[in-house]
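> below is the sequence, then the predicted model.
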Amino acid sequence: MFLETHIPPNEPASISYLLGCAGQGKAIAVDVHADEVDYWCQLADQKGVRIEYVVDTHVHADHRSGGPALAQQTGAHYVLHESSQCRHPHETVQDGDRLKAGNVQVQVLHTPGHTADSICLLVSDLSRVDEPWFVLTGHTLFVGSVGRPDLPGQAERMAVHLYRSLHEKLMSLPDYVEILPGARAGSVCGAGLSGKPVSTLGFERRFNPALQLDQAGFVRQVLENLPPEPEGMAEIVQYNRGE
Ligand SMILES: [Fe+2]
């Protein structure tokens, strides 16, 4: 298995990923920005891998997605959760679905809260063991923080969804599972993110302030600490939905 991370040049708070199986020459790209399409195409060529799937963990509100363009250029499937309101040609996944790239297996976890269509990707290297090794948490769980629940509207209801997604889907995973979020400090998709891009579920379970609260306290805390809305959000969402 290989795993590559990249910081988009114009969005230093974001993180995108390419993971896959070098032996079988297959890869999956996750949360690619519009200005990174050429970068990931070139890297895939250098590594001799074909990008089979391009996944967005949700329809983003803070940056233009390069997902549709990368999928078109590489012949990959563009993948979103089935609840996404996106008109770009795409394949839908639901909770429990699995994507494979050679020995790398990605299990989809539907984790609504930051948006209704948010997913996390639970990754196993089947050449080693079936157990999950890490989870790409998109904008659901960050290092030191959680995703903001207000951007789609109905903030309180979405905050309850987020609490349940975190506790029922992510917190049931073993402590050793690493979390690799789609953003770090400086992102407007959450408040109080660490600048460190990687953590473990065990560390976050113990020390992430938002995960120490009961549901009522969680909802209150996230709604009281909302960052400013992303600049140009309406236009960005429209672009990402292909409207
Ligand atoms: Fe987001």
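Ah, there it is. Numbering: from 1, shown residues only.
> got the residues of this structure near the ion?
H139, C189 (Cβ under 5 Å from the ion). Bear in mind the C-beta positions are built from the backbone N, C-alpha and C, glycine included.
> now do the phi/psi pair for the spatially most central residue of the chain.
Centroid check for the chain by Cα atoms, centre = their mean gives G138 as the closest residue, at 2.0 Å. Backbone torsions of G138, given as degrees, to the nearest 10, read phi 50, psi -130.
> which strand residues bridge it?
P181 (DSSP bridges).
> wasn't Q105 part of a helix?
No: per DSSP: H, G, I helix; E, B strand; the rest coil, Q105 lies outside any helix segment and is strand.
> gap between the closest residue to it other than its chain neighbours and P68?
Leaving out its chain neighbours, the residue that sits closest to Q105 by Cβ to Cβ, 6 or more residues apart in numbering is S124, at 4.7 Å. Using Cβ to Cβ, to the nearest Å, S124 is found at 27 Å from P68.
> on that earlier part again, let me see the contact set for the residue nearest to the centre of the chain.
D31, T57, H58, T111, H114, S118, I119, C120, L121, G147, P181, G182 (Cβ atoms under 8 Å, 6 or more residues apart in numbering).
> let's go with 7 Å and repeat that
G138 is in contact with D31, T57, H58, S118, I119, C120, P181, G182, counting by Cβ atoms under 7 Å, 6 or more residues apart in numbering.
> quick one, strands of this structure?
2-6, 16-21, 26-30, 50-55, 77-81, 91-93, 98-101, 104-110, 119-125, 134-138, 141-142, 145-146, 178-181, 199-200 (DSSP state E).
> surely S187 and G195 touch.
No: using Cβ atoms under 7 Å, S187 makes no contact with G195, being 10.6 Å away.
> and the two? Which one has more around it.
Higher neighbour count among S187 and G195: S187, with 25 against 10, using other Cβ atoms under 10 Å.
> now that one. Nearest residue, chain neighbours left out?
Per Cβ to Cβ, 6+ apart, closest to S187 is A13, 4.1 Å.
> roughly how far apart are that neighbour and Q24?
33 Å.
> more crowded one of those two?
Legend: neighbour count by other Cβ under 10 Å for A13 and Q24, higher for A13 (19 against 15).
> dump the residue contacts of the more buried one.
A13 touches A183, R184, A185, G186, S187, counting by Cβ under 7 Å, 6+ apart.
> what of H110?
Counting by Cβ under 7 Å, 6+ apart, H110 has contacts H81, Q94, D95, I119.
> do the same with S187
A13, S14, D62, L193.
> how about 8 Å then?
S187 touches A13, S14, D62, H139, F142, L193, counting by Cβ under 8 Å, 6+ apart.
> what's the answer for T5, then?
T5 neighbours (Cβ under 8 Å, 6+ apart): I15, S16, Y17, L180, P197.
> could you dump those residues into TSV with pLDDT and neighbour count added?
Output for the contacts of T5, formatted as TSV (pLDDT from 0 to 100; neighbours: other Cβ atoms under 10 Å):
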residue	pLDDT	neighbour count
I15	98	21
S16	98	24
Y17	98	22
L180	98	22
P197	95	18
